[in-house]
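Participant: The following block contains a protein sequence and its predicted model.
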Amino acid sequence: MNVDRLERLTEVVLEHGLDGIVLMPGPNMLYLSGIHVHVSERPILLFIPADDDPAIIIPALEAQKARNVGLIEDRIFQWYDDQGYTGAFQQACAHLELSDYLLGVEALHMRVLEMELLSRYAPGLTTAHAEPIMSALRLTKDKDEVAAMQQAVTIAELGLERLIPRLQIGQTEKQIAAMLSQELMEAGSQGNPFGPIVQAGPNGAMPHAVPSDRPIQAGDLMVIDWGAIFNDYPSDITRTFAVGEVSREFKRVHDVVRQANEAGRAAVRPGATGRDIDRAARGVINKAGYGDYFIHRTGHGLGLEVHEPPYIMESNREPLAPGTVFTVEPGIYLPGQAGVRIEDDVVITGDGAQSLTSLNRELMEVG
C-alpha cells in the first residue's frame, strides 16, 4: 500500500465529511494499493476507512495479492468459488461497521451487484461520489510517475521508428496496426494502452476509427495513434504520414496542424488553463479557415488512464499546476478525404513545461 497516498486520501475524505471510500478494481485501486486485479464475475472491493486500516473483499485465488501489499489478515475478507461471495460481504460490512456509514463510491464504476450487497448487509448505508476526491488526488504526478510516462514515450517512439522502414503501399491498416503492436512489445512495452489506431485516406477523417482491411495507397495521408505502457503508466502519441507524394492541400493542412500543435505546447505553463491551451491551438486552425474541421478537444490528462482529468478544452478554467501531464493533439478532419492529427505528451514543470515526446512532427513520407 502506498502510505503517503493513503494519508493524503484520508485527510481529504475527512474534509468531505465521509466515513471512508470504497474502490472497484481499476486505476484508483491500483494507485492506492498496487493491487493488479480486474472487474469480473468475482466481485472485489477495497475499503479505505477514514480512521482505520484498509480492508478488502477478494476471491481466495487473488487474496495473496492483498497480502503482498501489506493488508493485514483480519482485514482480508476472502471467499471461495464454491462458497460464493455473500458471506464475505456480510462479514466485511459487520466488521467495518458500515451501517449508517457515509461511504464514497466510484459512481462511474460501481456495479449494481456490489451496491446491492452493501445495501443488504449494511442497513442505513448512504453514499456520495468519490470521483472528485480521487481525481484531485491523482491530478498532479510525482517524479516516479513522470519518469514512467517518459519511459513509455521512449518505448513508443522506438517502436514506431522501427515500424517506418517496414511500411509499404498495399499493406492494410490492420496489418500495420499488428506490426506496430509487435514492435512495441519488442521495444519493451508491457502491452497496448489502447489498440493502435491506423487510418489512411478517407478513414483518417474519423478520429477514432478502427483499423480496417483498406490497403494504404499512394497519395494517402495516414494517421497513426499509438502508445506504450511502462510500470503501469501509458504514453499516447499521434503522427500523420504521407504515403508517397500527397496533394498540396494535404501538405498545407498538415502544416496548419503542426503550427497549432506548436502553439498549444507553447501555451503550457504553470497557471495556464485548459481553455488557454485549447484557444492557442484552435486559434491557429480557425485563422487558417479549418475551424469547422477541428471536431474534438485539444487534449486530455494522462496517468494510469489514457484519458483522465484535466481536459484541455474551452470549458476548463482551472489553473494547471506543476506535475500535471496531458496531451496536446489538435487535428483537422476533411470528410471523405483525409485527416491530420499531431499529438504530444507534456508535463508542467515549476517554471514552464517539458514535452515528453520528441519524435519528428514534420510530414514524413512512407511506403
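Facilitator: Structure received.

Participant: drop to CA atoms for contacts and neighbour counts, all remaining ones
Facilitator: OK.

Participant: By residue count, tell me the biggest helix in the chain.
Facilitator: If each helix of the chain is counted by residues according to DSSP state H, the longest one is helix 143-163.

Participant: I'd like the average pLDDT over that one.
Facilitator: In this model, helix 143-163 carries a mean pLDDT of 98.

Participant: what's in contact with that helix?
Facilitator: Outside helix 143-163, the residues that touch it by Cα atoms under 8 Å, 6 or more residues apart in numbering are 179-180, 183-184, 186-189, 226-237, 303, 323, 325, 347, 356-357, 359.

Participant: one more time with 7 Å
Facilitator: 180, 183-184, 187-189, 227-231, 233-235, 356-357, 359 (Cα atoms under 7 Å, 6 or more residues apart in numbering).

Participant: just the buried members of the residues you listed?
Facilitator: Under a neighbour-count criterion of 16 or more other Cα atoms under 10 Å, the subset of the contacts of helix 143-163 counted as buried comprises 180, 183-184, 187-189, 227-230, 233-235, 356-357, 359.

Participant: Identify those among those residues that sit within helices.
Facilitator: By the criterion of DSSP H, membership of the buried ones among the contacts of helix 143-163 in helices covers 180, 183-184, 187.

Participant: how about these, which pair is most distant?
Facilitator: Checking these against each other with Cα to Cα, the farthest-apart pair comes out as Leu180 and Ala187, at 10.4 Å.

Participant: Can you list the low-confidence ranges for this structure?
Facilitator: For the chain, no stretch is flagged by pLDDT under 70.

Participant: in it, which spans are helices?
Facilitator: So, for the chain - with DSSP H - the helices run 3-15, 27-33, 63-68, 86-95, 112-121, 131-138, 143-163, 173-187, 248-266, 274-287.

Participant: for these, which one sits closest to Ile295?
Facilitator: Between Ile295 and these, the shortest gap by Cα to Cα is with helix 274-287, which sits at 10.2 Å.

Participant: Dump the closest one to PDB, keeping only the CA atoms.
Facilitator: Only the C-alpha atoms of helix 274-287 are listed here, as PDB (Å, rounded to 0.1, in the frame of the first residue of the first chain):
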ATOM      1  CA  GLY A 274      -7.300  24.100 -20.400                       C
ATOM      2  CA  ARG A 275      -9.100  27.000 -22.100                       C
ATOM      3  CA  ASP A 276      -5.800  28.900 -22.600                       C
ATOM      4  CA  ILE A 277      -4.100  25.900 -24.300                       C
ATOM      5  CA  ASP A 278      -7.200  25.000 -26.300                       C
ATOM      6  CA  ARG A 279      -7.600  28.500 -27.600                       C
ATOM      7  CA  ALA A 280      -3.900  28.800 -28.600                       C
ATOM      8  CA  ALA A 281      -4.100  25.600 -30.700                       C
ATOM      9  CA  ARG A 282      -7.600  26.200 -32.000                       C
ATOM     10  CA  GLY A 283      -6.900  29.800 -33.000                       C
ATOM     11  CA  VAL A 284      -4.300  28.700 -35.500                       C
ATOM     12  CA  ILE A 285      -6.700  26.300 -37.200                       C
ATOM     13  CA  ASN A 286      -9.500  28.800 -37.100                       C
ATOM     14  CA  LYS A 287      -7.300  31.500 -38.700                       C
END
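
Participant: Name the residues that touch that helix?
Facilitator: Counting by Cα under 7 Å, 6+ apart, the neighbours of helix 274-287 from elsewhere in the structure are 256-257, 259-261, 263-264, 267-268, 291, 298, 311-317, 330.

Participant: Who is Ile56 paired with across the strands?
Facilitator: The bridge-partner assignment for Ile56, based on DSSP bridges, gives Leu46, Ile76.

Participant: you'd agree it is up against Leu46?
Facilitator: Yes: taking Cα atoms under 7 Å as the definition, Ile56 is a contact partner of Leu46 at 4.4 Å.

Participant: For Thr126, give me its contacts.
Facilitator: Listed by Cα under 7 Å, 6+ apart, the contact set of Thr126 reads 100-103.

Participant: List the buried residues of stretch 130-144.
Facilitator: Of the residues in stretch 130-144, those scored as buried under the neighbour-count criterion (16+ other Cα under 10 Å) are 130-131, 133-134, 137-141.

Participant: again, but for stretch 63-75
Facilitator: Within stretch 63-75, the residues that qualify as buried by neighbour count (16+ other Cα under 10 Å) are 63-66, 71, 75.

Participant: just stretch 307-318 next, same as before
Facilitator: For stretch 307-318, burial by neighbour count (16+ other Cα under 10 Å) applies to 308-314, 316.

Participant: ditto for stretch 47-63
Facilitator: Buried residues in stretch 47-63, defined by neighbour count with 16+ other Cα under 10 Å: 47-50, 54-59, 63.

Participant: who's in contact with that stretch?
Facilitator: Defining contact as Cα under 7 Å, 6+ apart, one finds that stretch 47-63 is touched by 10, 13-14, 19-23, 42-46, 75-80, 88-89.

Participant: if we go to 8 Å?
Facilitator: Stretch 47-63 is contacted by residues 10-11, 13-14, 18-23, 37, 42-46, 66, 71, 75-81, 85, 88-89, 92 when judged by Cα under 8 Å, 6+ apart.

Participant: Buried ones among these?
Facilitator: The neighbour-count test (16+ other Cα under 10 Å) applied to the contacts of stretch 47-63 identifies 10, 13, 18-23, 37, 43-46, 66, 71, 75-79, 85, 88-89, 92 as buried.
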